[in-house]
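Trainee: Generate a structure from the sequence data that follows.
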Amino acid sequence: MTNTFDITTEHYTRFTFERSGRILTAAITSEHPVNGVDGPMHDELARVFTDLQRDGLSDIIILTARGRAFCAGGDFDWFDEQIANPAKFRDIAWDGKRIVSTLLEMEKPLICRLNGAAAGLGATIALLCDVIVADEKAVIGDPHVKVGLVAGDGGALIWPQLIGYAKAKELLMTGDMLSAEQAKELGLINYAVPTAELDSKVSDIVNKLQANPRWAVRWTKSVINIPLKALAAQTMDAAIGWESVSNYHQDRREAVAAMREKRAPKLTGE
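Mentor: All right, here's what the predicted structure looks like:
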């Protein structure tokens, strides 16, 4: 029976979709200036990769964003809600794990067209794609610690696998951001190209994938992801759990306030 599911007919408020033959581009699209993650976007991230896999009219997915950023992590108004009512953080834990698991379970090749800054969960989503092509002006990093949180929503899973434990620990514990060129040199992403060449580089990779038998490509990806899925199963409960715990701390509240006010945080260790 032919799969006739069409993701473009589904209700999404934080994504837009465009087709070109059997290529489907899914773009993070919001009114937030840097596509910050809020409640509705988090909800949609937890189901969009399943729907992209189910979509019967596509073979290859390009993940990108509209605007000047790809996804610069959590929205600060959403952070304030979670700090004031930690139950709201607890309530998104299952979806947080599902974002990672559905990304890893996708069989279709997933190319990240990294058009701008990717931070926190935004960086995790980009790095769990299969090939990452970045605008050379983009920056990428996981600054969870800068806002008082454990890097629990996938950063601690994928960064060490891509660049090794020593460098991953340094970057996740400092929260430092990298230029696209630095990320490429570390092996974190595949390519960093001038803005004018971003689409042509993505198209070049798409063409190479399309030149190979579909199921050989899909299932090669699936086999490669087996160890990552096993590692996610071993770590994500603890990772999300510790991130939830860190949301309760006073230094979390102070770190977010300091970021909002563009000042150095007055940390107490609590």
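Trainee: Tell me where the stretch 101-250 of the chain is predicted with low confidence.
Mentor: Judged against pLDDT under 70, the stretch 101-250 of the chain has no low-scoring part.
Trainee: elements contacting the helix or strand hosting residue 181?
Mentor: In the assignment (DSSP states H and E), residue 181 maps to helix 180-186. For helix 180-186, the packing partners by 3 or more C-beta pairs under 8 Å, 6 or more residues apart in numbering; DSSP states H and E come out as strand 131-135, strand 139-141, strand 191-193. Glycine gets a C-beta too; all of them are placed from N, C-alpha and C.
Trainee: How about that helix, which residues are buried there?
Mentor: Within helix 180-186, the residues that count as buried by 16 or more other C-beta atoms under 10 Å are 180, 182-184, 186.
Trainee: which outside residues touch that helix?
Mentor: The contact list for helix 180-186 (C-beta atoms under 8 Å, 6 or more residues apart in numbering) reads 114, 134-140, 162-163, 167, 178, 189-192.
Trainee: out of the buried residues of helix 180-186, who's nearest residue 101?
Mentor: residue 183 (24.3 Å; C-beta to C-beta).
Trainee: ends of stretch 61-78, how far apart?
Mentor: 29 Å (C-alpha to C-alpha, to the nearest Å).
Trainee: same thing with stretch 108-125?
Mentor: End-to-end distance for stretch 108-125: 15 Å, by C-alpha to C-alpha.
Trainee: and if you look at stretch 171-190?
Mentor: One end of stretch 171-190 sits 18 Å from the other (C-alpha to C-alpha).
Trainee: now that stretch: how far from the chain's centre is it?
Mentor: Distance of stretch 171-190 from its chain centroid, counting by C-alpha atoms, centre = their mean, to the nearest Å, is 14 Å.
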